[in-house]
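>>> This is the structure alone, sequence omitted:
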């Protein structure tokens, strides 16, 4: 049974049909990627899963339970955690306080253990734990955003554009951490415009175009697909 399942999900923004009968599954232990151009519906899919955008038709299930249009706080309590596009760290708070914000729904007794885990994943955050988040580099802020999400102890981690605006060496570092997070037992649904990197770190992927899934396969098959290469990988 899939950990996360979207069945015939339709989402509208007024008269605009943003998602058109989306069907996708994420199995426990997988990294699954959504790729597609700007406006394809990738972030809308993530927001709908999190309850930040209303599903107009269809249903979303998590571990067999219907979670369609539940409040975001319900999703967080079920250990579905979003690391949003654009990082959205709290710029005036310290790194440590940002991380603690990610664990607001968890008992105090569990926070120190989670901090140790995050600092093992991102040693740079330990070095900068007293630094104000707004003064971090873009790569460090992305590490902080993912680390903050990990403080919620996700069973399903939604990563929205983690490589956006980052240099190639930092992107490699971020995706190495994505692999480690999966190895720790966290299932990951990833939205990423850097399709080549995303597919190299994923088990399966879906291709979205104007709100519809037009391709789905193993990540390796899509990486080798001439259609995907020409549309999303620069034709290489």
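Cool, got the structure. Given the structure is predicted, the values throughout are model-derived calculations rather than measurements.
>>> and residue 189, that one's in a helix?
No: membership of residue 189 in a helix is not supported by DSSP: H, G, I helix; E, B strand; the rest coil, which gives strand.
>>> Hmm, residue 159 and it touching each other?
Yes: contact criterion Cβ atoms under 8 Å: residue 189 and residue 159 qualify, at 7.3 Å. Bear in mind the C-beta positions are built from the backbone N, C-alpha and C, glycine included.
>>> Tell me which of these two has more neighbours.
residue 159 (28 against 25; other Cβ atoms under 10 Å).
>>> Contacts only, for that one.
83, 146, 149, 178, 188, 189, 190, 191, 192 (Cβ atoms under 8 Å, 6 or more residues apart in numbering).
>>> what about the nearest residue to the first one once chain neighbours are set aside, which SS state?
It refers to residue 83. In space, and not counting its chain neighbours, residue 83 is closest to residue 149: 4.0 Å by Cβ to Cβ, 6 or more residues apart in numbering. Per three-state DSSP, the local secondary structure of residue 149 is helix.
>>> Tell me how far residue 149 lies from residue 100.
Here the criterion is Cβ to Cβ, to the nearest Å. By it, residue 149 lies 13 Å from residue 100.
>>> Comparing the two, which residue is more hemmed in?
Neighbours were counted for residue 149 and for residue 100 using other Cβ under 10 Å; residue 149 has more, 22 against 17.
>>> wait, isn't residue 151 in contact with residue 103?
Yes: using Cβ under 8 Å, residue 151 is in contact with residue 103, at 4.1 Å.
>>> Now do the helices in the protein.
Using DSSP state H, the helices of the chain run over 42-49, 72-77, 95-101, 108-121, 123-127, 138-150, 168-183, 195-200, 219-223, 226-232.
>>> what's the closest of these to residue 211?
In terms of Cβ to Cβ, the element of these nearest to residue 211 is helix 42-49, at 7.9 Å.
>>> could you check the angle strand 187-191 makes with that closest one?
140 degrees (axes from the mean of the first three to the mean of the last three Cα atoms, to 10 degrees).
>>> how far does helix 42-49 sit from the chain's center?
Distance of helix 42-49 from its chain centroid, counting by Cα atoms, centre = their mean, to the nearest Å, is 10 Å.
>>> beta partners of the residue nearest the centre of the chain?
Geometric centre of the chain, nearest residue: residue 159, 1.5 Å, by Cα atoms, centre = their mean. On the basis of DSSP bridges, residue 159 is bridged to residue 83, residue 190.
>>> Just the mean pLDDT for stretch 116-134, thanks.
Confidence over stretch 116-134 (mean pLDDT, whole number) is 94.
>>> Okay, now that stretch: how far is its last residue from its first?
Start-to-end span of stretch 116-134 (Cα to Cα, to the nearest Å) is 22 Å.
>>> Likewise for stretch 184-202?
Start-to-end span of stretch 184-202 (Cα to Cα) is 15 Å.
>>> ok, now stretch 176-196?
Stretch 176-196: ends 14 Å apart by Cα to Cα.
>>> go on, stretch 179-190?
Terminal residues of stretch 179-190 are spaced 12 Å apart (Cα to Cα).
>>> I'd like the average pLDDT over stretch 180-189.
Stretch 180-189 shows a mean pLDDT of 96.
>>> Other residues contacting that stretch?
Contacts with stretch 180-189, where a contact means Cβ under 8 Å, 6+ apart, come from 3-4, 26-34, 46, 49, 117, 121, 146, 150, 154-159, 178.
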